[in-house]
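Visitor: Sequence unavailable; structure follows:
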C-alpha cells in the first residue's frame, strides 16, 4: 500500500503529513470545517506504508488523512481511536509530541 507523504522541517519541528492515495486532491467539508488535501502540504511522492510509519515515529508533529494510514497508526499505538475526528466521512488525526 502506498501513501502520499511530505516531510516539513519547520523551525526545529519535524512535521510529517501523510494521506491515503485516494484522498489526494479532495476537499472534505462538514459544517464549517473544511479539509483540503493538496500536494503542496501532503506531497507528491508515494511511499510504502512501512516508510510512512517509520517517518511518523520520528515526527514531532504529524497530520494524517485517510482510512488506511489512520488504521495503521491506531494499530501501531501512534494514535488512539478517540483522537480521530471524522470530516465528511473521512478520518483525520494530528500528532503533537510535547517536550518533557
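Guide: Good, I have the coordinates. For clarity, every value in this text was computed on a predicted model and none was experimentally measured.
Visitor: For the rest of this, base every contact and every neighbour count on C-alpha atoms.
Guide: Fine.
Visitor: the helices in the chain, which residues?
Guide: With helices called from DSSP state H, the chain shows them at 39-42, 49-56, 67-76.
Visitor: so what's the nearest residue to residue 68 once chain neighbours are set aside bridging to?
Guide: Among residues not flanking residue 68 along the chain, residue 20 sits closest, at 6.4 Å (CA to CA, 6 or more residues apart in numbering). Beta bridges link residue 20 to residue 3 when assigned by DSSP bridges.
Visitor: Same question for the one 10 residues further on.
Guide: On DSSP bridges, the residues paired with residue 30 through beta bridges are residue 33.
Visitor: before we move on, what about residue 15?
Guide: Applying DSSP bridges to residue 15 gives these bridge partners: residue 8, residue 61.
Visitor: hang on, isn't it packed against residue 7?
Guide: Yes: look at residue 15 against residue 7 with CA atoms under 8 Å: they come within range, at 5.9 Å.
Visitor: When these two are compared, which one has more neighbours?
Guide: Shown here are residue 15 and residue 7; by other CA atoms under 10 Å, residue 15 has more neighbours (20 against 17).
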